[in-house]
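Colleague: Need coordinates for the below:
(3 chains)
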Amino acid sequence: MTAGRLPRATLVLGGQRSGKSAYAEHLLESQPGGLVYLATAEAHDGEMAERIAAHRARRGTRWSTVEAPLELAPALAQAAGPERTVLVDCLTLWLSNLLGAERDPDGEAARLVEAIGRLPGPAVFVSNEVGQGIVPDNALARAFVDHAGRLHQAVAAAADRVVLVAAGLPQTLKHPSA
Amino acid sequence: MTAGRLPRATLVLGGQRSGKSAYAEHLLESQPGGLVYLATAEAHDGEMAERIAAHRARRGTRWSTVEAPLELAPALAQAAGPERTVLVDCLTLWLSNLLGAERDPDGEAARLVEAIGRLPGPAVFVSNEVGQGIVPDNALARAFVDHAGRLHQAVAAAADRVVLVAAGLPQTLKHPSA
Amino acid sequence: MTAGRLPRATLVLGGQRSGKSAYAEHLLESQPGGLVYLATAEAHDGEMAERIAAHRARRGTRWSTVEAPLELAPALAQAAGPERTVLVDCLTLWLSNLLGAERDPDGEAARLVEAIGRLPGPAVFVSNEVGQGIVPDNALARAFVDHAGRLHQAVAAAADRVVLVAAGLPQTLKHPSA
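Modeller: Model prediction:
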């Protein structure tokens, strides 16, 4: 059923525990062919390990998992294909890993946008909206929100479709071929 | 005027001081019959007491008030009726009370959703969108946002209509019979 | 080209680093006549000075700049005109300056709304959505979010058009003559 084929790149934004990952997974479940979960998480601590396990349990057997805490652009290039759909979950965690490894977030964002431009099949990117609360006192937290905002703007500009999820409900911010 | 009768359950989400309560009260003012304000607040401190007084002053004489800081599902079942409309304000405060009393928030959310399914007349639920800022450092605050997100997803799934208010302006996230 | 002339007052809300200022500047670039940048920022510290310089570099030569950290209503009345378009960036910074100077935010908001009602030409107001994260522990931060929310509601009610920007993408919350 080509009618329901996802466009090349979809960005799914949403607040903490907004249902954004479940919504994104639901988008992929309707796709033909293989499904690849490109995880940016590392199971550093118990809380995160629990979340990863819950994610894994929610996904079915059609999925394969690839971990890419830092090298997201090459992992995406390798995972994507005309017969597969890739889910990248999530970009804010990747950003957090980049900052922890003292990588340049703007340079890495540019590499990701370039990889999106060369995608041979559909991909869905999940990310955490973090900028609509009070501006943090803490300079590091403020810088994180700034980096996340720039990353979201760059990926949204490169994406065919952008969706904002709240309370499990999607709002389309950008429509394909609009 | 039955044309303007509210559907069984409406969820009104909005940020802090977004105008969500005033919008919800406005929805109720157009309804026939009695209006019940089901308050989850307790007047613990001066700040909260002031807010409750301001709320009370804004509402007119058609309203009666019921306090339900913890036992929301039974209070809703008792307050609702075919000739009345109920306003529950607000769910995040109720969640906060539940956590303070060491109740299980997921179990209580399930009881609320069940009560929504049996409503004999319209109800409007107000809640605070708290998940679109930076993920809190503090584990308790992070857990609160997680609980609130799950509660919003559950009530949104059970609701006929979901509205997100910003700067006093409503955006409909879910339409009745959509 | 009168068809593309902006309405009297437009409010552009958006989270931190959401692209709200770039979107607002883009709105003004399509306007005929002079463009006035009414800056509420003061270059207190290095971080803010850098942001102001980046803003200045992004704007072209059609722009003139006026600083109004506190006296926004009279500065707006003076800057506006039938042959000019004014950009006020941003209201949350102005609010922060007002609180620092121990001015009454509600009184100042009323003066601004009155000035909006008498505008002789279009103006665009940028402001930071700060209320959709967790309610701050800190009473001062909580009060700031309350003041910002009330200010946004007042300006949104006076505005002809209200837009919420996320990831660089605008959503219209209020349409002209709606």
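Colleague: all contacts plus neighbour counts: C-alpha atoms, from now on.
Modeller: Fine.
Colleague: who's in contact with stretch A:143-162?
Modeller: A:7-13, A:92, A:95-96, A:105-106, A:109-110, A:113, A:116-117, A:127, A:130-131, A:172-177, B:134, C:16-19, C:167-169 (C-alpha atoms under 8 Å, 6 or more residues apart in numbering or on different chains).
Colleague: quick one: that stretch to chain centroid distance?
Modeller: From the chain centre to the centre of stretch A:143-162 is a distance of 11 Å (C-alpha atoms, centre = their mean, to the nearest Å).
Colleague: what comes up buried for it?
Modeller: A:144-162 (16 or more other C-alpha atoms under 10 Å in any protein chain shown).
Colleague: for stretch A:103-110, same thing?
Modeller: For stretch A:103-110, the neighbour count (16+ other C-alpha under 10 Å) marks A:Pro105, A:Glu108, A:Ala109 as buried.
Colleague: Just the ones in helices from those residues, please.
Modeller: Under the assignment DSSP state H, the buried residues of stretch A:103-110 contribute A:Pro105, A:Glu108, A:Ala109 to helices.
Colleague: okay, those in CSV with pLDDT next?
Modeller: Output for these, formatted as CSV (pLDDT from 0 to 100):
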residue, pLDDT
A:Pro105, 96
A:Glu108, 97
A:Ala109, 97
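Colleague: Quick one: the buried residues of stretch A:103-110 as a markdown table, columns for distance to A:Leu27 too.
Modeller: Shown next, in a markdown table, are those (distance: C-alpha to C-alpha, whole Å):
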| residue | distance to A:Leu27 |
| --- | --- |
| A:Pro105 | 28 |
| A:Glu108 | 26 |
| A:Ala109 | 24 |
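Colleague: Tell me who's in contact with the residue nearest to A:Val165 when sequence neighbours are not counted.
Modeller: Nearest residue to A:Val165 in three dimensions, chain neighbours excluded: A:Gly14, at 4.7 Å (C-alpha to C-alpha, 6 or more residues apart in numbering or on different chains). Each residue near A:Gly14 by C-alpha under 8 Å, 6+ apart is listed here: A:Lys20, A:Ser127, A:Asn128, A:Glu129, A:Leu164, A:Val165, A:Ala166, B:Gln132.
Colleague: Return the member of the buried residues of stretch A:103-110 nearest to C:Ala54.
Modeller: Within the buried residues of stretch A:103-110, the smallest distance to C:Ala54 is 18.4 Å, found for A:Pro105 (C-alpha to C-alpha).
Colleague: right, is stretch A:135-142 up against chain C?
Modeller: Yes - using C-alpha under 8 Å from any C-alpha of the partner chain, stretch A:135-142 reaches chain C at A:Val135.
Colleague: rewinding a little: so in terms of bridging, what pairs with the residue nearest to A:Val165?
Modeller: Beta-bridge partners for A:Gly14, by DSSP bridges, are A:Asn128, A:Val165.
Colleague: coming back round to it: list just the nearest of the contacts of A:Gly14 to A:Ala57.
Modeller: Distances from A:Ala57 to the contacts of A:Gly14, taken by C-alpha to C-alpha, are shortest for A:Lys20, at 16.4 Å.
Colleague: so what pLDDT did A:Thr61 get?
Modeller: Per-residue confidence (pLDDT) for A:Thr61: 78.
Colleague: give me the residue from chain A nearest chain C.
Modeller: Nearest residue of chain A to chain C, counting by C-alpha to the nearest C-alpha: A:Gly133, 3.8 Å away.
Colleague: And for that residue, the neighbour number?
Modeller: For A:Gly133, the neighbour count with other C-alpha atoms under 10 Å in any protein chain shown is 28.
Colleague: where does it fall, helix, sheet strand or coil?
Modeller: coil (DSSP: H, G, I helix; E, B strand; the rest coil).
Colleague: Pretty sure it sits against C:Val130.
Modeller: Yes - counting by C-alpha atoms under 8 Å, A:Gly133 touches C:Val130, with 4.2 Å between them.
Colleague: joint contacts of those two?
Modeller: Contacts common to A:Gly133 and C:Val130, judged by C-alpha under 8 Å, 6+ apart, are B:Gly133, C:Gly15.
Colleague: Which parts of chain A are helices?
Modeller: Secondary structure of chain A, counting by DSSP H: helices at A:20-29, A:46-58, A:72-79, A:91-100, A:105-117, A:139-158.
Colleague: Lowest mean pLDDT across the ones you listed, which one is that?
Modeller: helix A:46-58 (a mean of 71).
Colleague: contacting residues for A:Ser18?
Modeller: A:Val165, A:Ala166, A:Ala167, A:Gly168, B:Gly131, B:Gly149, B:Arg150, B:Gln153.
Colleague: Close to chain C: what parts of chain A are there?
Modeller: The interface of chain A toward chain C, taken as C-alpha under 8 Å from any C-alpha, is made up of A:130-135, A:145-146, A:149-150, A:152-154, A:156-157, A:173-174.
Colleague: Near chain B, which residues of chain A are found?
Modeller: A:14-19, A:128-134, A:136, A:141, A:145, A:167-171.
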